[in-house]
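In: Here is the input, now give the coordinates:
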Amino acid sequence: MRQNIPGSSPYEPVIGFSRAVRVGQSVFVSGTAPVGAEPTDAATQTRHALEIVRSALEQAGARLEDVVRTRMYLTHVDDWEAVGRAHGEFFGNIRPAATMVVVAALLNPSWRVEIEADAIIGSAPQQ
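Out: Numbering: from 1, shown residues only. Take a look at the predicted model:
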């Protein structure tokens, strides 16, 4: 059974996407930008985007600990370490498979990062 998880992006109805989609025990979170944190640095934008990801996961019945893969899109190569460290604040112990790619641009020129996440409910590492 499919469950679409809406977000607050004004682009959702225009483009035709959901913040996240849950199918069975899998949750796929769309590219998540730091909407509302535009005037800040890359690390702050990353934390903000990851809080939006966390909220979408929770709405789908998942947790950060269930994340098995993330993808980070950066517009400035020099931001890689700041973005990576902020990602590590959320995922340091979880350690999902992760990809970091530098892109020419994102939809909003002030966004320095956009993040996707895939989770499998119940896959959290054993403590």
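
In: Quick check: next helix or strand after the helix or strand bottoming out on mean pLDDT in the chain?
Out: Least confident helix or strand of the chain, by mean pLDDT, DSSP states H and E, is helix 11 with a mean of 80. Note on helix 11: by DSSP states H and E, the next helix or strand toward the C-terminus is strand 20-23.

In: ok, which stretches of the protein are helices?
Out: 11, 42-59, 80-91 (DSSP state H).

In: Would you mind measuring the gap between the ends of stretch 11-22?
Out: 20 Å (C-alpha to C-alpha, to the nearest Å).

In: and it, which residues are buried?
Out: Neighbour-count burial for stretch 11-22 flags Phe17, Ser18, Arg19, Ala20, Val21, Arg22 (criterion: 16 or more other C-beta atoms under 10 Å). Bear in mind the C-beta positions are built from the backbone N, C-alpha and C, glycine included.

In: any chance of the helices of the chain in TSV, plus distance to Gly36?
Out: What follows is the helices of the chain, written out as TSV (distance: least, C-beta to C-beta, whole Å):
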stretch	distance to Gly36
helix 11	14
helix 42-59	7
helix 80-91	16
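
In: Ignoring the adjacent residues along the chain, who's closest to Pro96?
Out: Spatial nearest neighbour of Pro96, chain neighbours left out: Val67 (4.7 Å); criterion: C-beta to C-beta, 6 or more residues apart in numbering.

In: from memory that neighbour sits against Ile121, does it?
Out: No: under the criterion of C-beta atoms under 8 Å, Val67 makes no contact with Ile121, lying 10.5 Å away.

In: Neighbour count: these two, which is higher?
Out: Using other C-beta atoms under 10 Å, the more surrounded residue of Val67 and Ile121 is Val67, with 27 against 17.

In: got any ranges where the protein has weak pLDDT?
Out: The chain contains residues with pLDDT under 70 at 126-127.

In: if we go to 90?
Out: In the predicted model of the chain, residues 8-12, 124-127 satisfy pLDDT under 90.

In: hang on, the earlier thing: just how off-centre is the least confident helix or strand of the chain within its chain?
Out: With C-alpha atoms, centre = their mean, to the nearest Å as the basis, helix 11 stands 16 Å off its chain's centre.
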